[in-house]
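Novice: Provided below are the primary sequence and the corresponding predicted coordinates.
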There are 2 protein chains.
Amino acid sequence: MSSSEKQQIVLASRPEGRPAPSNFRLERAAVPVPAEGQVLLKILYLSLDPYMRGRMSAAKSYSAPVEIGQVMEGGTVAEVLESRHPGFKAGDVVLSHSGWQSHALAHGDQLRKLDPAAAPLTTALGVLGMPGFTAYAGLLTIGQPKPGETVVVAAASGPVGSAVGQIARIKGARAVGIAGGPEKCAFVRETFGFDVVVDHRAPDLAAQLAAACPDGIDVYFENVGGKVWEAVFPLLNPFARIPVCGLVAQYNSSGDFEGPDRLPIVMRQVLSKSLTIRGFIQREFVAEQRPAFEREMAAWIASGAVKFKEDIVDGLDQAPEAFIGLLEGRNFGKLIVKI
Amino acid sequence: MSSSEKQQIVLASRPEGRPAPSNFRLERAAVPVPAEGQVLLKILYLSLDPYMRGRMSAAKSYSAPVEIGQVMEGGTVAEVLESRHPGFKAGDVVLSHSGWQSHALAHGDQLRKLDPAAAPLTTALGVLGMPGFTAYAGLLTIGQPKPGETVVVAAASGPVGSAVGQIARIKGARAVGIAGGPEKCAFVRETFGFDVVVDHRAPDLAAQLAAACPDGIDVYFENVGGKVWEAVFPLLNPFARIPVCGLVAQYNSSGDFEGPDRLPIVMRQVLSKSLTIRGFIQREFVAEQRPAFEREMAAWIASGAVKFKEDIVDGLDQAPEAFIGLLEGRNFGKLIVKI
């Protein structure tokens, strides 16, 4: 790659079900030149997150899809190479939403400066970034765990789930995690300090979860869907709260789902147990809660009350394979690509 | 019936699906004698409400089921015949929960005195009672309609639905009602003043509802379930709120529901539209909101801002047939039995 060329990964085609490497295409393009008010960024780290599967589909969602031939979307940490915005100078490190590429332009107004001395830069994409804030806002605003209550979260070794459980414990609740495989389960229990961890690969998942929740479930932080929901649902207590921030298990599905129809049963329980099911996207809460989150989470990390784990992959060309693995739970911790 | 005998209707057997007259049995029994702290009541009016279908089933719900051979449960307006409680004297009229019978004992602490001069006594079972309060608390606390938003409610000619729409309009929202048949639809539009009414018997219900809600639906007050949900669901706006207080359409169902499984689609919409689905029983809100409700609703009735309709059936022996009709929408207004 010459110094005036950049790399980018575009959406080559829309996946049917599970994405394949052929849905992505690595391209080269000229490094662009910033206009007045813009900066030229060199991307250092790219965040890979489950929501990106939604952007690959044409189906209507909370955000517009990525168009065929467009650069894949994503949060990034980047260094300013050249600035035509008064707020930034070359060498500044910023949080941007530049997507799967090595260089990008951005308006200075869309960037937030990072302090490399305050915390590792990658945490701006994980525990101190969007995933951590998703856990914080969804759990505290919708889940509202009270001392002694039981909070259940799946993908507990991931960036959202691990933060949910740790914040729940800070608030005095019991944290029950669900993770895939003995290595992740041990980590969730020992490093993240969950009270109990259940392996979702266990054939008796429902029985194990019931044993782990002798007083039922007061908050189920839903980020996966699928069979975990089936195990959780019968254990929900009256007035349980279910923040819904993701449904990874069904992102790759399309079309009709086989019966029986579970909706009438769920609605009956919603009524008879006065349940709250509330979908959310973290940006709804940014204006009101992001400053408090950054202050509190930084303090929790500093005190050791919140731990985090990152899974860093080297090279933009590795992004498609890493992303496909993410949807199957092959990552272990917050998945980040070092560009 | 001699003066020392009372009539009562007991649960004779549990219905499978739709209740039949044979599930009920009319009995005679001795009029009981009050102990210290109790009063003897002569029931004047019995309220019939859809929730009673749930009490006929052994399935776990938010309240214990009525046992076989027990008097059917229900809200009542009654006259005190004899009092051994300092707060009541013979001739007082009270709100009680005495069930399907002509006489009953009650502890004075469980009764609320009614002022027959303030409002017709039957309204304590309807617009000024549990159904009116269900509408008020569910709509205002969970639904939170804002001026200009669209509120949809089914069973709009019934006591809950009619209050939901009228309170929505008081709060500046558009009220769209769904009712069964031209007579009820005309009444909902003309007397209750809904902006639009759609007949759920129309073969093109979904298309008519879409036309009635050009800006989508912000609040769907769910009290019926079934096919109305199907018509409502695609029209929900981002951040729509769905208070769930009843599912009449599925109360008579049991066992598995045929596929396809609608739950994954619903959960996907919950996520992508940040929907809130919240089941509730009015008693959750009684301590905090009932006084304000009684004050506000009485004022709305006095000013004509809220109208109500009652459907009064004569004689306790008519209660089973009237109740069966209620589950099929054969009543027209708040169903009450004059004892």
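Specialist: Ah, there it is. Quantities reported herein were computed from a predicted structural model and do not represent experimental measurements.
Novice: next, count neighbours for residue A:160.
Specialist: Residue A:160: 30 surrounding residues under other C-beta atoms under 10 Å in any protein chain shown. Heads up, the C-betas are built off the backbone N, CA and C, glycines and all.
Novice: oh, I was asking about residue A:338
Specialist: Residue neighbour count, defined by other C-beta under 10 Å, stands at 15 for residue A:338.
Novice: number of residues surrounding the residue nearest to residue A:108 when sequence neighbours are not counted?
Specialist: Distances taken as C-beta to C-beta, 6 or more residues apart in numbering or on different chains put residue A:85 closest to residue A:108, at 2.8 Å, once the chain neighbours are dropped. The burial count assigned to residue A:85 is 18, neighbours taken as other C-beta under 10 Å.
Novice: from chain B, how far out is residue A:85?
Specialist: Between residue A:85 and chain B the distance, using C-beta to the nearest C-beta, to the nearest Å, works out to 32 Å.
Novice: that residue contacts residue A:41, correct?
Specialist: No. Contact criterion C-beta atoms under 8 Å: residue A:85 and residue A:41 do not qualify, at 11.3 Å.
Novice: what are the contacting residues of stretch A:194-211?
Specialist: Contacts made with stretch A:194-211 from outside it, assessed by C-beta atoms under 8 Å, 6 or more residues apart in numbering or on different chains, are listed as A:152, A:154, A:156, A:165, A:169, A:174-182, A:185-186, A:188-189, A:212, A:227-228, A:230-232, A:234-235.
Novice: name the residues of that stretch that come out as buried.
Specialist: Judged by neighbour count (16 or more other C-beta atoms under 10 Å in any protein chain shown), stretch A:194-211 contains these buried residues: A:194-198, A:200, A:205-206, A:208-210.
Novice: equivalent analysis for stretch A:259-275, please.
Specialist: Judged by neighbour count using 16+ other C-beta under 10 Å, the buried positions of stretch A:259-275 are A:261-264, A:266-275.
Novice: tell me the secondary structure at the residue of chain A found nearest chain B.
Specialist: Sorted by distance to chain B under C-beta to the nearest C-beta, the residues of chain A start with residue A:259, at 1.5 Å. With DSSP: H, G, I helix; E, B strand; the rest coil as the basis, residue A:259 sits in coil.
Novice: immediately after the one helix or strand residue A:164 maps to, which helix or strand?
Specialist: For residue A:164, the host element (DSSP states H and E) is helix A:159-170. Next helix or strand after helix A:159-170 toward the C-terminus (DSSP H and E): strand A:174-179.
Novice: can you give the contact residues for that next one?
Specialist: Strand A:174-179 is contacted from outside by A:148-157, A:161-162, A:164-166, A:168-169, A:185, A:187-189, A:192-200, A:205, A:209, A:212-213, A:217, A:228, using C-beta under 8 Å, 6+ apart.
Novice: mind doing that once more with 6 Å?
Specialist: Outside strand A:174-179, the residues that touch it by C-beta atoms under 6 Å, 6 or more residues apart in numbering or on different chains are A:150-152, A:154, A:156-157, A:165, A:168-169, A:185, A:188, A:194-198, A:200, A:212-213, A:228.
Novice: now do that strand against helix A:159-170, angle only.
Specialist: Orientation note: strand A:174-179 sits at an angle of 160 degrees relative to helix A:159-170 (axes from the mean of the first three to the mean of the last three C-alpha atoms, to 10 degrees).
Novice: which elements pack onto the longest helix along chain A?
Specialist: Longest helix in chain A by number of residues, with DSSP state H as the criterion: helix A:286-303. Taking 3 or more C-beta pairs under 6 Å, 6 or more residues apart in numbering or on different chains; DSSP states H and E as the contact definition, the neighbouring helices and strands of helix A:286-303 are helix A:130-137.
Novice: repeat that with 8 Å
Specialist: Applying 3 or more C-beta pairs under 8 Å, 6 or more residues apart in numbering or on different chains; DSSP states H and E, we find helix A:286-303 packed against helix A:130-137, helix A:159-170.
Novice: model confidence over it, on average?
Specialist: Across helix A:286-303, pLDDT averages out at 95.
Novice: and the next helix or strand past it?
Specialist: strand A:310-314.
Novice: excluding covalently adjacent residues, which one is nearest to residue A:314?
Specialist: Nearest residue to residue A:314 in three dimensions, chain neighbours excluded: residue A:338, at 5.2 Å (C-beta to C-beta, 6+ apart).
Novice: roughly how far apart are residue A:310 and residue A:208?
Specialist: In this structure, residue A:310 and residue A:208 are 28 Å apart, going by C-beta to C-beta, to the nearest Å.
Novice: where does pLDDT dip in the stretch 1-150 of chain A?
Specialist: Residue ranges of the stretch 1-150 of chain A with pLDDT under 70: A:1-3, A:60-62.
Novice: show me the helices in chain A, by range?
Specialist: Remark: helices assigned in chain A by DSSP H are A:52-55, A:130-137, A:159-170, A:182-190, A:205-212, A:227-232, A:248-251, A:263-272, A:286-303, A:319-327.
Novice: could you dump those helices to CSV with distance to residue A:90?
Specialist: Listed next are the helices of chain A as CSV, based on distance: least, C-beta to C-beta, whole Å:
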stretch, distance to residue A:90
helix A:52-55, 30
helix A:130-137, 26
helix A:159-170, 31
helix A:182-190, 40
helix A:205-212, 53
helix A:227-232, 47
helix A:248-251, 39
helix A:263-272, 55
helix A:286-303, 26
helix A:319-327, 26
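Novice: so for stretch A:272-282, mean pLDDT?
Specialist: Stretch A:272-282 comes out with an average pLDDT of 96.
Novice: what does it contact?
Specialist: Among residues not part of stretch A:272-282, those counted as contacts by C-beta under 8 Å, 6+ apart are A:62, A:130, A:133-134, A:137-138, A:142, A:236-245, A:269-270, B:54, B:60-62, B:269-281, B:284.
Novice: filter those down to the buried ones.
Specialist: A:62, A:130, A:133-134, A:137-138, A:142, A:236-237, A:240-245, A:269-270, B:54, B:61-62, B:269-281, B:284.
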